[in-house]
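Trainee: Predicted model and sequence below, questions to follow.
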Amino acid sequence: MVDLGGLLEIAIVFAAVLAFAPYFGEYLGRVYLNRPLLGDRLLTPVETAIYRLLGTSPRISMRFREYVGALLLTSAGLFVWIVLLLTLQSSLPLNPVGDPGMTWDLASHTAASFLTNTDFTHFNPQSQLSYGAALFGLQAALFLSPAMGMSVAAAFIRGFTHKDGTLGNFYVDMVRTMTRVLLPLALVGAVVLVAFGVPQTLAYDLTAHTLGGGSQTIYVGPVASWESIMMLGTNGGGWFSANAMSPFENPNAASNLFQTGLMLLIPLGFPFAFAQIVRRPGEGFPFLATSVVVLFVALGLVLFFQSGSNPALSSFGFASGAFPGPGFETRFSGTEASLFQVVSVYSNTGATSVQIGSLAPLSQAVLLFGMFTQSTPGGDGTGFGMLLVFAVIAVFVGGLMVGRTPEYLGKKVGTSQMRWAAGVLLLHPALILVPLVVATVGGFVAVAGGSIPTNAYAFTTVLYEFTSEAANNGSAMGPIADGTIFFNVVGAAIMLIGRFAPMIGMLAIGSIFAHQDVLQPGPGTLQTRGWTFAMFLTLLVIILSGLLFLPVLVLGPFAQLGV
Amino acid sequence: MARHLRGATVLLAIAIVVTGAGYPLVVTGLADLINPHGANGSLVYLNGTLVGSSLVAQNFSRPFLFWDRPSLNDYNFLNGTNAPPGSQTPALTQLINETLEYFARYGRFNVTAALPWVSPSGSGFDPDLTPGAVLVQIPRVSAAASNVTNTTITDATLLALVNSQITYAWFPGVGVAYVNVLLLDVALIEAYPALGAALGLGGA
């Protein structure tokens, strides 16, 4: 099934992103260092005016508590705003088809979902989300939530160069992320998507007289502008329920490939931004190598598992690896759909161009693994932040193995940082496995096709749901009845904790580093820029994530094979 | 605290206005210059009547038209999107079996080439079929269309029509080849206006 054209597409998209990433990453680094940049003449006066309105200035640098406070206050404000819009949408303007207000639990789940860059949807946008709430609530979150992730990552990184205990200015980071990165890139991306045929109109619903007789209401809207930031911001929540499977969101192979590149751009640019911010060229390499190696292995495995025969289909005489089959779209080859899906899940975007439940069970396991690591490359900012947490652990473990005091980029790595790092690492399985047990044993799951204990497929869908929420991914396997109060409330809690607790951990580690002086490297200092450290980091990420989650993979995807 | 309350509120207010209104409006303005057909939803008209979008599958149901893939949401946006049964579950086998039985009522066809046609798409709106899955429908279409138009429409004529409608994702041989079913049916009706008259879409 692996076709040469598909392999060529994989080569092209990675070559394009990796060729662009160093320049983009350097630019990104300069954004967070407040250095002179292209576009200053136009944008600096605008930013200065915004800082004045906000009552802040780039000269003010915040300490840990203040940075976290600003982050949480802004997030709380956005959460309340979205909940209000969603629950009151029936009596607000811009509700052309008269969607009713959402219930409090569904509104909370949705607000948490878009605030945390998860974009897991328990609703159908066309029948449950008004035009106005989509644009002024959720689309604003599509920008603000990746901006928060990137700002926090930048603050975390600054801990390695600051000596005064400060981490930077949250508001300045947010404003510059928006004006210098997300808005211009999203604009360019949207224009390209329009050229590929994605709708972009202020009209919302049109009635067609179908050839079969009868009528069909066609829903359109400003889809390209939504789609662009949905991918660039590693958000993943679609304008349509069908997400990137919808021909409107993803009309052809070219748009599919372009969106794949959009999802990778910021996550793979961040290692270079890191090297720029810490002023040590080459230090970003192990992060980039880890992300790319794990991505390639995952992609290879999915392509391999998809080429196997499916007993449910071969009984009809369909060819082995027959394509396109159920859950796939005709206009994408198997390789194209797999490429998109692996990149989407591994970048924690969570958009889908194929039904995940329609993939081979072992492919589902590979996708789950990407959400277990959360960092290869992970979402905008937070993915890199997680990888940096892994690197701090790697330096500590490596230092202990060679019997030296562990230090990273001239900063001592001690037990206080390790306590936070271990907390961030262990929170993830707790957030997934505890609700999984409660949901399955407590009888909260109603699934089409059988009860949980006897049905490995149904178990996998529930595992997938909580993993996706804890990793702030947002892709879903369906067909699980998850619009219940239990799944809404528990899901909202998982997403909020799974987003903000690791962010606070990252800022705390950064703050501890920011209080230290920079040491000169000695003969016993662990080299952290070459292939050796890259391999060490890659294996550490794979082994730690594997050890934490292997048992549950056996109960879910592996058990579907019936062995 | 008061300082942060002001910072957070103003930041959110500016972001909501700029990203919720300014950004989509700018893109919409540009879209009308770049690709107005696509920007408006790739709408398809037949004799001046809006008959659908080439990017949205629909329920053709008439035997003299080519049919889209089955849809688990009944081709209706308001029904959201439903995932097909899991890839290796008995429910999937059962669903495909039922679809095969339903289609077989309209005549026998080569099942092995028809996988996309008898399996629900991911989105429920997949407007395309592989050429093979269109070709298996030709015997039904030619018989029914000949009947409606009172002319002999041969399989060879329809084969030529289908071949003229093949889209290549990249180039012939690289990427998938597919046929847009709505555009194919519109081409069929334009070739045989009596079919349009039978649909009440005969034009002025």
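Mentor: Okay, I see it.
Trainee: contacts and neighbour counts: CA atoms only from here.
Mentor: OK.
Trainee: pLDDT weak spots in chain B?
Mentor: Residue ranges of chain B with pLDDT under 70: B:1, B:202-204.
Trainee: Could you pull out the strands in chain B for me?
Mentor: B:43-46, B:49-53, B:128-129, B:166-168, B:177-180 (DSSP state E).
Trainee: I'd like these as a markdown table, with mean neighbour count and distance to chain A appended.
Mentor: Converted to a markdown table, the strands of chain B look like this (neighbours: other CA atoms under 10 Å in any protein chain shown; distance: least, CA to the nearest CA, whole Å):
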| stretch | mean neighbour count | distance to chain A |
| --- | --- | --- |
| strand B:43-46 | 17 | 9 |
| strand B:49-53 | 21 | 5 |
| strand B:128-129 | 28 | 6 |
| strand B:166-168 | 17 | 9 |
| strand B:177-180 | 24 | 7 |
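Trainee: Serialize those to a markdown table and add fields for distance to B:Ala31.
Mentor: Output for these, formatted as a markdown table (distance: least, CA to CA, whole Å):
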| stretch | distance to B:Ala31 |
| --- | --- |
| strand B:43-46 | 15 |
| strand B:49-53 | 18 |
| strand B:128-129 | 25 |
| strand B:166-168 | 24 |
| strand B:177-180 | 24 |
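Trainee: Contacts only, for the residue nearest to the spatial centre of chain B.
Mentor: In chain B, the centroid-proximal residue (CA atoms, centre = their mean) is B:Pro127; its distance is 1.8 Å. Residues near B:Pro127 by CA atoms under 8 Å, 6 or more residues apart in numbering or on different chains: A:Pro247, B:Ser54, B:Leu55, B:Val56, B:Ala57, B:Gln58, B:Asp68, B:Arg69, B:Asn180, B:Val181, B:Leu182.
Trainee: Output these in a markdown table; the columns should cover distance to A:Ala508.
Mentor: As requested, the contacts of B:Pro127 are arranged in a markdown table below (distance: CA to CA, whole Å):
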| residue | distance to A:Ala508 |
| --- | --- |
| A:Pro247 | 44 |
| B:Ser54 | 52 |
| B:Leu55 | 49 |
| B:Val56 | 49 |
| B:Ala57 | 51 |
| B:Gln58 | 54 |
| B:Asp68 | 55 |
| B:Arg69 | 53 |
| B:Asn180 | 55 |
| B:Val181 | 57 |
| B:Leu182 | 57 |
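Trainee: which bits of the stretch 301-450 of chain A sit near chain B?
Mentor: Within the stretch 301-450 of chain A, the positions adjacent to chain B are A:310-313, A:316-319, A:322-333, A:353-355, A:357-361, A:449 by CA under 8 Å from any CA of the partner chain.
Trainee: Using ChimeraX, define a selection of the buried residues within these.
Mentor: Here is the ChimeraX command that selects the buried residues among these (16 or more other CA atoms under 10 Å in any protein chain shown):
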select /A:310,312,313,318,322,323,324,325,326,327,328,329,330,331,332,333,353,354,355,357,358,359,360,361,449
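Trainee: Strands - which of the residues of the stretch 301-450 of chain A next to chain B land there?
Mentor: Those of those lying in strands (DSSP E): none at all.
Trainee: Just give the nearest non-adjacent residue to A:Ala203, would you?
Mentor: A:Gly221 (5.5 Å; CA to CA, 6 or more residues apart in numbering or on different chains).
Trainee: Validate this expectation: that neighbour resides in a strand.
Mentor: No. Going by DSSP: H, G, I helix; E, B strand; the rest coil, the assignment for A:Gly221 is coil, not a strand.
Trainee: Quickly note the distance from it to A:Leu135.
Mentor: According to CA to CA, to the nearest Å, A:Gly221 stands 10 Å off from A:Leu135.
Trainee: Could you tell me which other helices and strands whichever helix or strand A:Thr290 is part of packs against?
Mentor: For A:Thr290, the host element (DSSP states H and E) is helix A:285-306. With contacts taken as 3 or more CA pairs under 8 Å, 6 or more residues apart in numbering or on different chains; DSSP states H and E, helix A:285-306 sits against helix A:253-277, helix A:334-346, helix A:361-373, helix A:382-402, helix A:531-553.
Trainee: Tell me how many other residues crowd A:Ala49.
Mentor: Around A:Ala49 there are 12 other residues, counting by other CA atoms under 10 Å in any protein chain shown.
Trainee: Help me confirm that it is found in a helix?
Mentor: Yes. Per three-state DSSP, A:Ala49 lies within a helix segment.
Trainee: List the buried residues of stretch A:415-426.
Mentor: So for stretch A:415-426, counting by 16+ other CA under 10 Å, buried means A:Gln417, A:Met418, A:Trp420, A:Ala421, A:Val424, A:Leu425.
Trainee: can I get the helices and strands packed on helix A:285-306 in JSON lines with distance to A:Ala501 and mean pLDDT?
Mentor: As requested, the helices and strands packed on helix A:285-306 are exported to JSON lines (distance: least, CA to CA, whole Å; pLDDT from 0 to 100):
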{"stretch": "helix A:253-277", "distance to A:Ala501": "20", "mean pLDDT": "97"}
{"stretch": "helix A:334-346", "distance to A:Ala501": "20", "mean pLDDT": "96"}
{"stretch": "helix A:361-373", "distance to A:Ala501": "16", "mean pLDDT": "95"}
{"stretch": "helix A:382-402", "distance to A:Ala501": "11", "mean pLDDT": "94"}
{"stretch": "helix A:531-553", "distance to A:Ala501": "18", "mean pLDDT": "94"}
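Trainee: Could you identify which of the ones you listed is most buried?
Mentor: Neighbour counts averaged per stretch over the helices and strands packed on helix A:285-306 are highest for helix A:334-346, at a mean of 27; criterion: mean count of other CA atoms under 10 Å in any protein chain shown.
Trainee: That one - contacts with which helices or strands?
Mentor: Applying 3+ CA pairs under 8 Å, 6+ apart, one finds that helix A:334-346 contacts helix A:4-33, helix A:253-277, helix A:285-306, helix A:361-373.
Trainee: among the helices and strands of chain A, which one scores worst on average pLDDT?
Mentor: helix A:311-314 (a mean of 82; mean pLDDT, DSSP states H and E).
Trainee: Show me what that one is packed up against.
Mentor: With contacts taken as 3+ CA pairs under 8 Å, 6+ apart, helix A:311-314 sits against helix B:90-104.
Trainee: so how far is the helix it packs on off the chain centroid?
Mentor: Centroid displacement of helix B:90-104 relative to its chain, using CA atoms, centre = their mean, to the nearest Å, is 21 Å.
Trainee: picking up where we left off before, please flag which of the residues of the stretch 301-450 of chain A next to chain B sit within helices.
Mentor: Counting by DSSP state H, the part of these found in helices is A:Pro311, A:Ala312, A:Leu313, A:Pro361.
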